[in-house]
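J.: what's the 3D shape of this:
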Amino acid sequence: MSSRRDLPPPPPPAHLREWLDERVVRADRARFLADLSRRSLGLGRLALLWVLAAVFAVGWTFVSMAVMTFESGAGAERLFGAVFAVMGLAVLVPAGYCFVRGARQERRVHQLLCAWAVADRGPGADAGLRAPVRSAVWLLASLSLGTLGLWTAFAAASGARPGTDTVGEVAYFMGLGLILWVTALLGLAKAATHYSWSLRARRTDRPERGRPSAPAPAAHHPRPAKSRLAGV
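T.: Here you go, the predicted structure:
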């Protein structure tokens, strides 16, 4: 996971950009937006999200094993249940910390994307920011994962039989399905947010310095006064 020190710097203030070379500002903007877009919607980011979900699943597995062990009621097995519970917490706590840290990183990346998007625009410069292939990969992968998660959770709840399935077993599969479903929702939200942002960036692709904004006022040419001798 990249640190904040690896992120591009924020754009210079507007009053300083007026003194900078416009071509340099636009080149930096294009390079930084491409880098931030890859960080936000890169396939490596999707893989990292799924790895984090897998870590949560492992931690939940240990917790569920502890619950199932406690359900057995035997004193010796309860000791193993306590060990499983500690192992589950040892996995879930670092995973939660990584999730919070990643969420803060995502927020910082999105703030930089928005800041550089309005820094300086050139006609057609933002045409590739929508990243349709990466957006489609995030969308389809998240939909597939969400479908699997919902099926796992509902199948565990509807297929449970008293006396056959224990509470720990049902809770395990429902929790596993919930982890998959929440991961899918995060992926879908990421794809939708990036797509919405790219549309706004393209709609505002009217450069502030080079935009066809208000046409420059025409030079004032005083209308020649009529000759007083006209018609004489």
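J.: in contact with Glu106, which residues are there?
T.: Glu106 makes contact with 40, 190, according to C-beta atoms under 8 Å, 6 or more residues apart in numbering. Using the backbone N, CA and C atoms, a C-beta is placed for each residue, glycine as well.
J.: next helix or strand past the helix or strand hosting it?
T.: Taking DSSP states H and E as the criterion, Glu106 maps to helix 75-117. Proceeding N to C from helix 75-117, the next assigned helix or strand is helix 132-158, under DSSP H and E.
J.: I'd like to know which elements that next one is packed against.
T.: Judged by 3 or more C-beta pairs under 8 Å, 6 or more residues apart in numbering; DSSP states H and E, helix 132-158 is in contact with helix 22-41, helix 43-72, helix 167-203.
J.: buried stuff in that helix?
T.: Under the neighbour-count criterion of 16 or more other C-beta atoms under 10 Å, helix 132-158 has 134-135, 137-139, 141-142, 145-146, 149, 152-153, 156 buried.
J.: tell me how far it is from the chain's mean position?
T.: 17 Å (C-alpha atoms, centre = their mean, to the nearest Å).
J.: tell me what angle that helix forms with helix 22-41.
T.: Here helix 132-158 points in a direction 20 degrees away from that of helix 22-41 (axes from the mean of the first three to the mean of the last three C-alpha atoms, to 10 degrees).
J.: mean confidence (pLDDT) on helix 132-158, please.
T.: Per-residue pLDDT over helix 132-158 has a mean of 90.
J.: with just CA atoms, put the helix or strand bottoming out on mean pLDDT in the chain into CSV.
T.: None of the helices or strands of the chain scores lower by mean pLDDT, DSSP states H and E than helix 14-17, at a mean of 70. The C-alpha trace of helix 14-17 is given here as CSV (Å, rounded to 0.1, in the frame of the first residue of the first chain):
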residue,chain,number,x,y,z
ALA,A,14,-4.5,29.8,-8.7
HIS,A,15,-2.6,33.0,-8.1
LEU,A,16,0.7,31.1,-8.6
ARG,A,17,-0.4,29.3,-11.7
